[in-house]
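Asks: Sequence and predicted model, in that order:
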Protein chains: 2
Amino acid sequence: MAKKSPSTAKPSTISAARKSRDDRTQKQIADLASRVAKTAFTGKEPVLHIPTRSRANTIWNKQRRILEMGDARQDRQLFNLNQAKQFMQTMLHCSTIMDLIQEGKTSSLRGVFYKAKHTVAGTKENTFDTQEESDPILEDLEVTLGALREELHIYAKKKGTMIGNITIVDSGDEIDCRRMGSGGYAIPSIVEPDVIQFKKCEAKFVLHVEKDTVWGRFNEDRFWQEHNCILTEGGGQPSRGVRRLLQRLNKELGLPIYCLLDCDPWGHYIFSVIKQGSISLAFESERLAIPDAKFIGVRAKDYDECDLGDAVKIDLSDQDIKRAKEIAAYPWFAAHKGWQKEIQGMLNNGFKMEVEAMINKGISYVTEEYVPQRLRSKDWLE
Amino acid sequence: MAKKSPSTAKPSTISAARKSRDDRTQKQIADLASRVAKTAFTGKEPVLHIPTRSRANTIWNKQRRILEMGDARQDRQLFNLNQAKQFMQTMLHCSTIMDLIQEGKTSSLRGVFYKAKHTVAGTKENTFDTQEESDPILEDLEVTLGALREELHIYAKKKGTMIGNITIVDSGDEIDCRRMGSGGYAIPSIVEPDVIQFKKCEAKFVLHVEKDTVWGRFNEDRFWQEHNCILTEGGGQPSRGVRRLLQRLNKELGLPIYCLLDCDPWGHYIFSVIKQGSISLAFESERLAIPDAKFIGVRAKDYDECDLGDAVKIDLSDQDIKRAKEIAAYPWFAAHKGWQKEIQGMLNNGFKMEVEAMINKGISYVTEEYVPQRLRSKDWLE
């Protein structure tokens, strides 16, 4: 496995990178605003052209092995009763983002909602009633401006932790992930190169597990030390921050990403999102997807192969069966014999299995036998 | 504010402390088991006496200002069709805990459930069907043995992060919380003195905020540096780990704990739990409650006093109103004029307000004006 040397960017280079990123985003917003203004002054109707974030406009790029957004666009017109409110909302958020960038600050999705929320003067109409109205407008802005949420200075809820044989620099602070105790380093929402740099990394791979409780088992057993790796968890479906960090570890340091997830449709879906991207964030795949991520378990065959015992079984519900069939039909899984067999195997079993169920074979069976054996025999699904 | 010097326990002292704790827990379990066995051998029915974890058996200790568990107990009999299963479940969990302690390992609540889950030989009956059956049995064991979950080597989901002017030692690793970037130190589930020691602390107080997104704002503005404090968040209702850590910072280092929570029944409830303990964990109050915790906001009066503007308002639902009245009737709030006025103020307003809504007054209004002003004028609710 080719290992690249970690980035050793200097602080001055980093702040220059951030400034040029901010300049670009500001210019994009200013261009959008002046197009609207110009159109208005010439007496024409201002229109925004917004790329469509829908399943129908999501394309599976077989060669790059990621989900991508197609070319479909929709108009958002100011003089259209159904669209005028969203048009205004888009402009309001542009204004908040300009403020954030100018002040060199970031804000949460909820903060941005509150910043823009007010009652329109002389009416009883609110600019926004709920955050559910606000978040999609921000996603629209991301695709329209071709700028990511992180570039718009907006962060989401923080999720996930990391520990292992790597030193990173986060906002100027050097953090030795080899010495992070039982708690670990909390992965922030924005992990772009101007926030986080990789400094020293001996690790040969990343083990990503679904839940923090499983992470706890691996950390307590010092798995990352024994196997020279980095250990991450995403608290279920990993956030953009966690996915982006994994992708950077993969792309920039050349580390393989092994995922240890439950043998159930939710585990398969999490893997699918890590590997190929998601429909709702297809415009982000390039920055988030990890086409060569590997699924090392739990596998449907493990019940027999590892002699796991009946206690690990949880019956598949009708909903699970429906979901499993949907996932099997995703183009990247549909074309993959191994995955067809895996999902069919789970359906034939009639039950799902969680990573934590392996405690049945011994408290540290999963860290001392299961994962090491899978790594040794390169037994995983791509 | 009296500041005590941080603990400087040596590793040998720490491992001795852990060993003596483990010895005590093992003895308690062994005693319980031998009582059951002895009774059975004398031909009598084995019975467990389990302290009752119910609202009716929860007492408000006015002098100590914490919730405590009363003396009521319930019998769990082996030869009672309604109780036999729970009796067996209790014994199974005892056995798992013995294994964990003997191996010097910890496990998650879900892990312990799986460890005990199996089909009883010769029947189609499972020892446990769901984790919902398992968790209360573990709580029963805590109160019966007089040992905490952490002493039983069991951990829960990890939540919450910390940053600020303190160095801690977690499992032998020295962690400088002054240099934890934008992510922070992830607070583990078990934070007992044999896992986490406080090493060097200049901080004069702790600011605890409800949400990680608010924490992000305070961290980005380096509030903890400017005001010489520690900054924590609990991801909503803080976990036992976070509450215990706050209590230790308060008790051992003498740091006041200021809570910045939403002005809504949920925020008031979170404060109540941090300060006095909760009904379901009343047996834990001594170790978790912080009777002199302070609520610095958001306050009902802030709408007028801080001129917050209509955008911050979220109408109280019928459910909110009902909940607010319940909370106002809690004995510690009922006897507190300030809190009666506060909750009535919110009801009179007819709306709730979130910390994040203050962005309306400026991106950093909450960190640069609101909280510093409240601290300066000692304007808080006890």
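Replies: It's in.

Asks: check contacts around the residue in the stretch 201-350 of chain A positioned nearest to chain B.
Replies: Per C-beta to the nearest C-beta, A:T213 is where the stretch 201-350 of chain A lies closest to chain B, at 3.5 Å. All C-beta atoms are positioned from the backbone trio N, CA, C, and that covers glycine. Counting by C-beta atoms under 8 Å, 6 or more residues apart in numbering or on different chains, A:T213 makes contact with A:356, B:108-111, B:155-158.

Asks: Among those residues, which lie within strands?
Replies: Here DSSP state E is the test, and the contacts of A:T213 give B:108, B:155 as lying in strands.

Asks: From the contacts of A:T213, pick the one nearest A:E103.
Replies: B:K158 (32.7 Å; C-beta to C-beta).

Asks: Which residue, neighbours along the chain excluded, lies closest to that closest one?
Replies: What sits nearest to B:K158 in space, not counting adjacent residues and going by C-beta to C-beta, 6 or more residues apart in numbering or on different chains, is A:D212, at 4.6 Å.

Asks: hang on, the one you found packs against B:G160?
Replies: No - checked against C-beta atoms under 8 Å, the pair A:D212 and B:G160 is beyond contact range at 11.5 Å.

Asks: quick one, what contacts whatever residue of the stretch 1-150 of chain A ends up closest to chain B?
Replies: Here the stretch 1-150 of chain A gets closest to chain B at one residue, A:S108, 3.5 Å apart by C-beta to the nearest C-beta. Residues counted as contacts of A:S108 (C-beta under 8 Å, 6+ apart) are A:154-157, B:213-214, B:216-217, B:356.

Asks: Repeat the analysis, applying 6 Å as the threshold.
Replies: Contacts for A:S108 (C-beta atoms under 6 Å, 6 or more residues apart in numbering or on different chains) come out as A:155, B:213.

Asks: which residues of the stretch 1-150 of chain A fall in strands?
Replies: A:47-51, A:58-61, A:66-69, A:73-77, A:107-108 (DSSP state E, counting those that start in this stretch).

Asks: out of those, nearest to A:D31?
Replies: strand A:47-51 (12.1 Å).

Asks: Just checking: what are the partner strands of the closest one?
Replies: strand A:73-77 (antiparallel) (DSSP bridges).

Asks: So what touches the partner strand?
Replies: A:47-52, A:83, A:86-87.

Asks: do stretch A:48-64 as well
Replies: Outside of stretch A:48-64, the residues within contact range by C-beta under 6 Å, 6+ apart are A:67-68, A:70, A:72-74, A:76, A:140, A:143-144, A:279, A:282, A:331.

Asks: For that stretch, measure first residue to last.
Replies: End-to-end distance for stretch A:48-64, by C-alpha to C-alpha, to the nearest Å: 30 Å.

Asks: got the residues of the stretch 251-382 of chain A near chain B?
Replies: Taking C-beta under 6 Å from any C-beta of the partner chain as the measure of proximity, the stretch 251-382 of chain A contacts chain B at A:310-311, A:356-357, A:359-360, A:363.

Asks: and those, which are buried?
Replies: For these, a burial check counting by 16 or more other C-beta atoms under 10 Å in any protein chain shown picks out A:311, A:356-357, A:359-360, A:363.

Asks: pLDDT added to these, as JSON lines?
Replies: Output for those, formatted as JSON lines (pLDDT from 0 to 100):
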{"residue": "A:A311", "pLDDT": "87"}
{"residue": "A:E356", "pLDDT": "95"}
{"residue": "A:A357", "pLDDT": "94"}
{"residue": "A:I359", "pLDDT": "92"}
{"residue": "A:N360", "pLDDT": "88"}
{"residue": "A:I363", "pLDDT": "93"}
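
Asks: rewinding a little: in strands, which of the residues of the stretch 251-382 of chain A next to chain B appear?
Replies: Per DSSP E, those never map to strands.

Asks: which of those lies closest to B:T119?
Replies: A:D310 (5.4 Å).

Asks: Quick check, pLDDT for the residue nearest to the closest one when sequence neighbours are not counted.
Replies: Nearest residue to A:D310, sequence neighbours excluded (C-beta to C-beta, 6+ apart): B:T119, at 5.4 Å. For B:T119, the pLDDT comes out at 82.

Asks: How about A:K4?
Replies: 51.

Asks: Kindly report the same for the one 5 residues further on.
Replies: Model confidence at A:A9, given as pLDDT, is 53.

Asks: and A:A16, how many neighbours?
Replies: 13 (other C-beta atoms under 10 Å in any protein chain shown).

Asks: what's the distance between it and A:W224?
Replies: Relative to A:W224, A:A16 is positioned 34 Å away (C-beta to C-beta, to the nearest Å).

Asks: now A:L255
Replies: From A:L255 to A:W224 the distance is 12 Å (C-beta to C-beta).

Asks: Same question for A:A203.
Replies: From A:A203 over to A:W224 the distance is 7 Å, taken as C-beta to C-beta.
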